[in-house]
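Engineer: The following block contains a protein sequence and its predicted model.
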Amino acid sequence: MANLIILCGPQAVGKMTVAESIRDKIKYNLMTNHDSIEVSDRIFGFATPAQKEFNAIFREKVFEIAVKHNIDMLFTYVCAFEMPEEKEYLTGLSDLFTSNGGNFYFVELRSDIETRLKRNETPHRMERKASKRDIEWSRADLLKSAQKHKLNSDKDEIWFENHIKIDNSNLESDEVADMVIREFNLVANEKEEREYRFGV
């Protein structure tokens, strides 16, 4: 059986760095939302119909293979909570893993806009996300998305049984990772480093 942990939240909230910390602490495999985005952008161009189709297929196959081979996964995701199809998609992922004996965990991160704008320009983010290296564009996109979409759920809105919300405006990624691990009583896998972070 395979478990799936989703790190959800708006752009530059810290999903990737928290996910990387969890990965290293409990030896889960990690796919960030930008892993599929950057590959599909390079092949098919930015936000083209072909890029969007390939991006979706890429993610779908990763999850299917993870379940098939009993590989615990982390996935970072930006959710527009006002859109019904978002809940449908995430529920489908939950069903895929739980119907095969695994667990589904949903971690929602929140930070104030000033903190996110600062994090948007960190060297680590630039290194890992080529599409964000145009700072002017990515800053404008961040602000536009914050106005256009509901990127965090309402205070009392809970979508899943294992759904926690963390304001990480003033927390380091390791602190947040430890909170997630404690909350869900997660146990580290026994894996060699090359099995879950080869080439990172």
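Structural biologist: On my side now, so go ahead. Numbers count the residues shown, from 1 in each chain.
Engineer: Mind naming the longest strand for the protein?
Structural biologist: strand 104-110 (DSSP state E).
Engineer: Sheet-wise, list the partners of it with their directions.
Structural biologist: strand 4-8 (parallel), strand 163-167 (parallel) (DSSP bridges).
Engineer: Mind checking those strands for the one nearest to E20?
Structural biologist: strand 4-8 (9.9 Å; Cβ to Cβ). (Glycine included, C-beta is placed from N, CA and C.)
Engineer: Which SSE is immediately downstream of the closest one?
Structural biologist: helix 15-26 (DSSP states H and E).
Engineer: Need the contact partners of that following helix.
Structural biologist: Applying Cβ atoms under 8 Å, 6 or more residues apart in numbering, the contact partners of helix 15-26 are 5, 7-9, 28-30, 32-34, 72, 74-77, 107, 109, 124-125, 128-129, 168, 173-174, 176-178, 180-181, 186-189, 196-197.
Engineer: helices and strands around the helix or strand that it is followed by, which ones?
Structural biologist: Counting by DSSP H and E, the element after helix 15-26 in chain order, helix or strand, is strand 29-31. On a contact count with 3 or more Cβ pairs under 8 Å, 6 or more residues apart in numbering; DSSP states H and E, strand 29-31 meets helix 15-26, helix 49-68, strand 73-77, helix 193-197.
Engineer: got the CA coordinates for stretch 97-117 in PDB?
Structural biologist: Extracted in PDB, the C-alpha atoms of stretch 97-117 (Å, rounded to 0.1, in the frame of the first residue of the first chain):
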ATOM      1  CA  PHE A  97      -4.700   5.700  -2.600                       C
ATOM      2  CA  THR A  98      -7.200   4.700   0.100                       C
ATOM      3  CA  SER A  99      -9.000   2.200  -2.100                       C
ATOM      4  CA  ASN A 100      -5.600   0.400  -2.400                       C
ATOM      5  CA  GLY A 101      -5.000   0.300   1.300                       C
ATOM      6  CA  GLY A 102      -3.000   3.500   1.700                       C
ATOM      7  CA  ASN A 103      -3.600   6.800   3.500                       C
ATOM      8  CA  PHE A 104      -4.300  10.300   2.200                       C
ATOM      9  CA  TYR A 105      -3.100  13.300   4.100                       C
ATOM     10  CA  PHE A 106      -3.900  16.900   3.100                       C
ATOM     11  CA  VAL A 107      -1.700  19.700   4.500                       C
ATOM     12  CA  GLU A 108      -2.800  23.300   3.800                       C
ATOM     13  CA  LEU A 109      -0.200  26.000   4.200                       C
ATOM     14  CA  ARG A 110      -1.000  29.700   4.600                       C
ATOM     15  CA  SER A 111       1.200  32.800   4.800                       C
ATOM     16  CA  ASP A 112       0.600  36.500   4.500                       C
ATOM     17  CA  ILE A 113       1.200  38.100   1.100                       C
ATOM     18  CA  GLU A 114       4.300  40.000   2.200                       C
ATOM     19  CA  THR A 115       6.000  36.800   3.200                       C
ATOM     20  CA  ARG A 116       5.000  35.000   0.000                       C
ATOM     21  CA  LEU A 117       6.400  37.900  -2.100                       C
END
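Engineer: All good on my end, thank you.
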